[in-house]
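Engineer: what shape does this take:
(one chain, ligands or ions: 2)
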Amino acid sequence: MRVVPISLPTPFYIGPVNVYLIAEDPLTIIDTGPKTKETIDALRAGLRKAGFLVSDLRRIVLTHAHEDHCGLARSLRDEAKNAEVFVHNWETGHRHSRLEYEEHRTLLVRAGVPDAEIERMRGLYEYMRRYADSFGDDEYTSLWDDGELEFESGSLRILHTPGHTPGSCSFLREADRTIIAGDCVLKRITPNPVLSPDPIDPTRRFPSLAEYLVSLARLRSFSPTLVYGGHGEPIHDYEELFHRYFRAFQDRQAQVIGLIPKLGITAWDLALKMFPQADDVHRFLSVSEAVAHLDLAQTEGKIAFELKDQTEVYKPIS
Ligand SMILES: [Zn+2]
Ligand SMILES: [Zn+2]
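Structural biologist: Ligands and ions are numbered 1, 2, ... in the order given. Predicted coordinates for the structure are as follows:
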């Protein structure tokens, strides 16, 4: 089973995105890149180089539904008549703009984000919508944990690896323990566990960092020899990266706990302290990061919190 990485340009801060062609029957692409002319042109060129056309694609599989990964799914599906789209049903980004739901508002209010800022964040994500087409519930097949995507000469095992988003999935080729991990594993940056409603109970917050740590440990249990990430170079030494991530999380958690004043603080105010320069979507990502670490520290009994006028205020344990 031949895996062909194709790097595609994006208009986003993160830079190019990696998509992966599985050059075997049924011809499958994992992730698509965002919906821009530069991206589709580069994708066509990459497919041609491997000896294929968009119309040859039979399956479009998404690691998760962020615009840089899922944006072209509909265009590709329409061009490659009858191609089937796969995404985990805990993902919602491909169905609606992010931050669209009332649940998102509730989560942001609870994190102490001021109303005007919530509106601004929503406006920014509304703008992101141009980079991805949405899908109806009947237009895709849900990926399922421990399932197999069968190919002529082998299969890819589907691993549900939540954390970066609730429905993030990775794909394992067991023969040589190669994993395609989307944004779950990135070589140069520690992925952000993004603030999301819990898919099972949307009035609650998805415990993104706790889930993410479990997913990273699960990938480790396969002793991968090679991990292909959603951005940057492939990882040959997952073990080293795993420990680096854990150290980074521990350092960040210690920083978060150290920044909590006696009188308490909201996730929003903490994010402003941690990332005073963050603007645009980075404001949302910085609140995500603060919430993720506060949640985990609180679950582990290292800090306390109380609800004041619908807002969570975190305090040191006295
Ligand atoms: Zn992502
Ligand atoms: Zn990405």
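
Engineer: just the strands in the stretch 101-250 of the chain please.
Structural biologist: Listed in chain order, the strands of the stretch 101-250 of the chain (DSSP state E, counting those that start in this stretch) span 141-143, 148-151, 154-160, 169-173, 178-182, 226-229.

Engineer: nearest to residue 239, out of the ones you listed?
Structural biologist: Closest approach to residue 239 among the strands of the stretch 101-250 of the chain is made by strand 226-229 (10.7 Å; Cβ to Cβ). C-beta here means a position set from N, CA and C on the backbone, and glycine is covered the same way.

Engineer: hmm, back to that, in CSV: the strands of the stretch 101-250 of the chain, plus distance to ligand 2 and mean pLDDT.
Structural biologist: Converted to CSV, the strands of the stretch 101-250 of the chain look like this (distance: least, Cβ to the ion, whole Å; pLDDT from 0 to 100):
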stretch, distance to ligand 2, mean pLDDT
strand 141-143, 17, 94
strand 148-151, 21, 97
strand 154-160, 18, 97
strand 169-173, 14, 98
strand 178-182, 7, 97
strand 226-229, 9, 98
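
Engineer: next, residue 260: phi, psi?
Structural biologist: Note on residue 260: its backbone torsions stand at phi -80, psi 120 [degrees, to the nearest 10].

Engineer: just name the most buried of the strands of the stretch 101-250 of the chain.
Structural biologist: Ranked by mean neighbour count, those are led by strand 178-182 with a mean of 26 (mean count of other Cβ atoms under 10 Å).

Engineer: elements contacting that strand?
Structural biologist: Contacts defined by 3 or more Cβ pairs under 8 Å, 6 or more residues apart in numbering; DSSP states H and E place strand 178-182 against strand 169-173, strand 226-229.

Engineer: out of the strands of the stretch 101-250 of the chain, the one nearest residue 303 is which?
Structural biologist: Nearest to residue 303, of all the strands of the stretch 101-250 of the chain, is strand 154-160, at 29.3 Å by Cβ to Cβ.

Engineer: ok so, going back, what about the helices and strands packed on strand 178-182, which gets the closest to residue 211?
Structural biologist: Among these, the nearest to residue 211 by Cβ to Cβ is strand 169-173 (12.9 Å).

Engineer: sounds good, over and out.
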